[in-house]
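**Q** Sequence first, predicted model second:
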Amino acid sequence: MAAARFVELAQEPSPDAEFASQARGVDAPALRQGPKYRGGFSTSICSLFSDPSRRNDCCALALCGILSTDRTRYLLNQETPSWLWRISCHIVLPFGLWFVDRAVVKSMNAKQIEDSCNEVFEDKEKVHETEVYYLWVAHVALLLALGVTLLVIFIRSRIKRSKLRAELMTRVFENFSQTENAVEGTSRMAARSEMVMANRPFECCYSAPDKTVCAQPFVEAEMDNENKDLCGLLWRALADCCCASCCGCWCQCCGMCAAGQEEREMNALVPKEKLLMDYVTFEPFAAYFPSLEHIRQTQEGDFLVHCRSLSVLSSNILKGGAVVFACMLIFSLTDIDANFTLKNMLVLIATLLQAVVVLYLVHWRWNRFDLSLDAVIKYFASGFIFGTSIAVVVELLIGLVINIFIFVVFLYATIFELSFSEKQIEDWSNDPLLAFKELLQETTWIFVLYTFLNAFVIAAVTEELCKYFSFWMVEHPDLMPRSHPGKSLNSTGTGITIAMVTAAVGFACCENIGYVFSSSKVEEELFVLITRSVTPVHAIAAAIQSIGVCRRDLEDDKSHRLGKAIFPAVLLHGSFDFILMMIPTLEAIGNFEEMDDSAIEQAELCQVAVTCKKYADSTAVEEFFYNNHCEDINSETMSWTDMLSLALAVMVMLIFILYYMVQSRAQKRRLDSLERARNHLLRDVENTVV
């Protein structure tokens, strides 16, 4: 009975926006009609993010659309993927080759450094040339094997996805032909031609069909600029640069674009209740929702009861995490890698425990009935896996663009300074170090600009968007409209906040692991972990984001779309990172300007000695290291500028915590007011029925 009621309620539109609109005296927005087939198959990026309410586009970004394609294949043919084969061939084999190649490169670099150090400090000949040559051959062979493996995986996946697309397009075309909206004559022929082009396995792009056929890609989803959010406008700007408006072609070699379109077409074919299921396991929400609802209604606080009510997907996530943890523990007990020992494993455990403690305080300690444990596991995994993987790729691409921009600006500034005066050019020619110092002094603003772009664009905007997508791409019955009758708006808002914070904690946990293990010393790893634990910027920024999301979804405030919702979080994140980056950068520039030629030469030799001390067992290196006080440049103590930047960053974080507390209390009062208005409307409806 509970499962059937869930399906019925899930099919109905959410009344929260309607009640919020009526409470403010505004007409409720018209409901969006279901999509109609338009004739053809668009894999263009133009269709992504055209509708801010659509979650499928976010899912298409995760793992290049693999999970979206699996779901489409299951809905179309009831076919489930072989995860043993996929994990073995798509994960273990390529990553195994990559890790072995990294180990070979590391060994080769260590031997080259040892030879160079012996040559510099002890005047010895190179003794590892033969070993380095064989290691280089192994490196090339491993790269070729990795390239061939990835090529085979790509070709196999491309052919398999093309077959799925052909089956899907056949089904869609048949369904379209049976409707009264079917086009005749040349339009039908154009639609068939476009379908044939889209089904070719190795067709990278094809000409956009006649606009009478393709000008309306899901008209109900294409929203005007007034209703588009920040991501939709940014994506549209990118699409206008490289799609039909520029080259007259649609690109279909990008897996996520095709997967997103496949999923949109599939959603137009099947009833909505069949779409209510988890990704990966394809377990219907109705299979595990009743137990979650029973726990909420009975206020059951036993942790084991919550664990027994988990969905298959959450159980598999925990089991997979336990297997990976066990493998890493066994690896740390071996002598395969001297940089990952049992001490490093203990640091990893501490990093994971830090995330568990935050989730315990945010969710289990006070709000365990506003959001289920099952949802917490899924949101954490989404942030840990999908959020970080998308962020890494996007940050690399944006970082490349910004680096090119800064290089052009620096080159222009250099040319401008060189053409400033002939005397200056002559002085610089006689003393290159003086030239570099003066140029550095004149172009300090470029380093400030680069730090600003790095903090606010590469880090803040990208990571806040990825954390939002980590929350938005997970569809869970706990937060679905009307899945919990009688649940208050404040409880729903608390659930949204917990979900967004959980996704951010998963994102931060993965990021912390990367930062912590960027050093090989356990002391430095612990210091980084403690520093990042006392400054939980990601969790605070996600909580601030939830204010805007609740205002948009629960209060029906259309002015709080994505850009306005994440702006305060971006401001916090960017300011925090900018302060931490800027002060040490200015200090480094000032210190370099004060150094003379001998000091710079000694610093360079000390840097070489630090590296040689790590790789070469040489008495001469040890003597040079300590005689020239090179240990000072490798000191682990914090300078006064580091402490100042950290203190200022913490002050910024505290200001935004205060901002969140004020906004949260104000939103709680607004939701209470809307709740009273909704109850009043319900009583009026009941009295009218009576």
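**A** Cool, the structure landed.

**Q** okay, CA-based contacts and neighbour counts for the rest of this
**A** Fine.

**Q** where does the stretch 501-650 of the chain dip in pLDDT?
**A** 520, 591-638 (pLDDT under 70).

**Q** 80 instead, please
**A** 517-525, 558-561, 586-642 (pLDDT under 80).

**Q** again, but for the stretch 1-150 of the chain
**A** Using pLDDT under 80, the stretch 1-150 of the chain drops low at 1-65, 83-84, 86, 110-129.

**Q** Helices of that one, residue ranges please.
**A** 2-11, 16-23, 56-61, 66-77, 83-86, 93-121, 129-177 (DSSP state H, counting those that start in this stretch).

**Q** Out of these, the one nearest Trp366 is which?
**A** Closest to Trp366 of the helices of the stretch 1-150 of the chain is helix 16-23 (C-alpha to C-alpha; 24.7 Å).

**Q** Packed most tightly, which of the helices of the stretch 1-150 of the chain would that be?
**A** Mean neighbour count (mean count of other C-alpha atoms under 10 Å) peaks for helix 56-61 among the helices of the stretch 1-150 of the chain, with a mean of 24.

**Q** Which one, of the helices of the stretch 1-150 of the chain, ends up nearest to Thr497?
**A** So among the helices of the stretch 1-150 of the chain, helix 16-23 is nearest, using C-alpha to C-alpha, at 17.1 Å.

**Q** Going by residue numbers, what spans are strands in this structure?
**A** 205-207, 249-251 (DSSP state E).

**Q** tell me the mean pLDDT for the last one?
**A** Pointing back at strand 249-251 there. In this model, strand 249-251 carries a mean pLDDT of 52.

**Q** The first one too?
**A** In this model, strand 205-207 has an average pLDDT of 53.

**Q** Could you do stretch 292-306 as well?
**A** pLDDT averaged over stretch 292-306 gives 90.

**Q** same thing with stretch 375-395?
**A** 93.

**Q** Next: stretch 442-449.
**A** 84.

**Q** Only C-alpha atoms, please: export that stretch in CSV.
**A** Taking Å, rounded to 0.1, in the frame of the first residue of the first chain, the C-alpha atoms of stretch 442-449 are listed here in CSV:
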residue,chain,number,x,y,z
GLU,A,442,56.3,46.4,-12.7
THR,A,443,54.1,43.4,-13.4
THR,A,444,53.1,42.5,-9.8
TRP,A,445,49.5,43.3,-10.8
ILE,A,446,49.6,40.4,-13.2
PHE,A,447,50.3,38.0,-10.4
VAL,A,448,47.5,39.6,-8.4
LEU,A,449,45.2,39.1,-11.4
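
**Q** List the buried residues for that stretch?
**A** Thr443, Ile446, Phe447, Val448 (16 or more other C-alpha atoms under 10 Å).

**Q** For the first one, give me its contacts.
**A** Put plainly, it is Thr443. Phe410, Ala413 (C-alpha atoms under 8 Å, 6 or more residues apart in numbering).

**Q** show me where the stretch 301-450 of the chain has helices.
**A** According to DSSP H, counting those that start in this stretch, the helices that the stretch 301-450 of the chain contains are 303-308, 312-333, 342-359, 373-381, 388-418, 422-430, 432-442, 444-453.

**Q** For those, state which one has the densest average packing.
**A** Stretch with highest mean neighbour count among the helices of the stretch 301-450 of the chain: helix 373-381 (a mean of 24; mean count of other C-alpha under 10 Å).

**Q** Packing partners of that one?
**A** The contact analysis (3 or more C-alpha pairs under 8 Å, 6 or more residues apart in numbering; DSSP states H and E) places helix 373-381 against helix 303-308, helix 312-333, helix 489-516.

**Q** Give me the contacts around it.
**A** 306-307, 309-311, 314, 317, 470-471, 474, 476, 478, 498-500, 502-507.

**Q** Looking at the helices of the stretch 301-450 of the chain, spot the one closest to Ser88.
**A** Per C-alpha to C-alpha, nearest to Ser88 of those: helix 312-333, 14.1 Å.

**Q** ok, back up a step: output the helices of the stretch 1-150 of the chain as CSV; include the columns distance to Lys668.
**A** Formatted as CSV, these follow (distance: least, C-alpha to C-alpha, whole Å):
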stretch, distance to Lys668
helix 2-11, 26
helix 16-23, 14
helix 56-61, 29
helix 66-77, 36
helix 83-86, 45
helix 93-121, 48
helix 129-177, 46
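
**Q** Looking at these, which is nearest to Val662?
**A** helix 16-23 (21.7 Å).

**Q** State the distance from Trp85 to Ser673.
**A** Per C-alpha to C-alpha, to the nearest Å, Trp85 is found 54 Å from Ser673.
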